[in-house]
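K.L.:
need a structure here:
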Amino acid sequence: MMGVVIRCEVGIARRKWLAHCSALLLASAGMARGPAHAAGAVGPLVLVVGDSLSAEYGIARGSGWVALLEQRLQREKIAARVVNASISGDTSSGGRSRLPGLLAQYKPAVVVIELGGNDALRGLPLAMTRDNLVAMVRAAKAAGARVLVAGMQVPPNYGRRYGDEFAALFGDVARAEGTALVPFLLAGVADRADADKLFQPDRIHPLAQAHPRILDNVWPTLRPLLRK
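P.N.:
From the prediction side, this is the model:
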């Protein structure tokens, strides 16, 4: 009886071991297919480095403007890929520290920089935001990428002077560094008379229904960069 039990246990152990090996082989094959597919994909890679406005904060996955960009590229049969490296709450300092690794990993043809809004919300010095954006632009250009800077504005309660200077710094950076510019990412969303209808209760993050308009703000400036 003992011999039967032992043989059964050995048989069970062997089947488990074979199943485990099979699972490992399948996983390895899957991992091999992933990089191979990425490496074999054609067209430029667009890297989006942003904050919650690009990271789909508070909305369903796949409904943000970056996901909609991927869909538009497919719909218009434009051979380009998109990597969304946006992190909710990120500042220009955080993006600056992350960018070198992202550039080395993805080797993008186009970099979209959508950062700075959280700098303003935290009351950080405008000079620091400007320096960080300039450093990011230069790093991306040095890596051979074309750059699009997405501008942002702050609510009027921050004061007229601060608001004007903050809104202007994105254009200043783009002109000085020779990059493409979207003057205000939330144009047609945050500046509408009925803007509250397009925002989540925090009045900071747009609802999913506003993201097609955000993409429409980006697309006319981004598309020419994909052709170069």
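
K.L.:
Nearest residue to residue 140 in space, ignoring adjacent ones along the chain?
P.N.:
Leaving aside its chain neighbours, residue 140 sits nearest to residue 111 (4.1 Å; criterion: CB to CB, 6 or more residues apart in numbering). All C-beta spots, glycine's among them, are computed from the backbone N, C-alpha and C.

K.L.:
quick one, what contacts that neighbour?
P.N.:
46, 47, 49, 99, 103, 136, 140, 145, 146, 147, 148 (CB atoms under 8 Å, 6 or more residues apart in numbering).

K.L.:
What helix or strand is it located in?
P.N.:
Element membership of residue 111 [criterion: DSSP states H and E] is strand 110-114.

K.L.:
rewinding a little: go through the contacts of residue 111 and say which is closest to residue 200.
P.N.:
Nearest to residue 200 among the contacts of residue 111, counting by CB to CB, is residue 49 at 22.5 Å.

K.L.:
How is the protein divided into domains?
P.N.:
As assigned by automatic domain parsing, the chain contains the domains 1-40, 42-227.

K.L.:
The residue nearest in space to the middle of the chain bridge partners, please.
P.N.:
What sits nearest the mean C-alpha location of the chain, by CA atoms, centre = their mean, is residue 84, with 3.0 Å. Beta-bridge partners for residue 84, by DSSP bridges, are residue 48.

K.L.:
so who does it touch?
P.N.:
48, 50, 54, 55, 66, 67 are the contacts of residue 84 under CB under 8 Å, 6+ apart.

K.L.:
farthest pair in the residues you listed?
P.N.:
Greatest spatial distance among those (CB to CB): 50 and 67, at 12.8 Å.

K.L.:
how about residue 107, phi and psi?
P.N.:
Dihedral pair for residue 107: phi 50, psi 60, per degrees, to the nearest 10.

K.L.:
How about residue 120?
P.N.:
phi -70, psi -40.

K.L.:
So which residues of the chain form strands?
P.N.:
Counting by DSSP state E, the chain has these strands, from start to end: 45-50, 81-84, 110-114, 146-150, 180-182.

K.L.:
re earlier: deepest-packed of the domains of the chain, please.
P.N.:
Most buried of the domains of the chain by mean neighbour count (mean count of other CB atoms under 10 Å) is domain 42-227; its value is a mean of 18.
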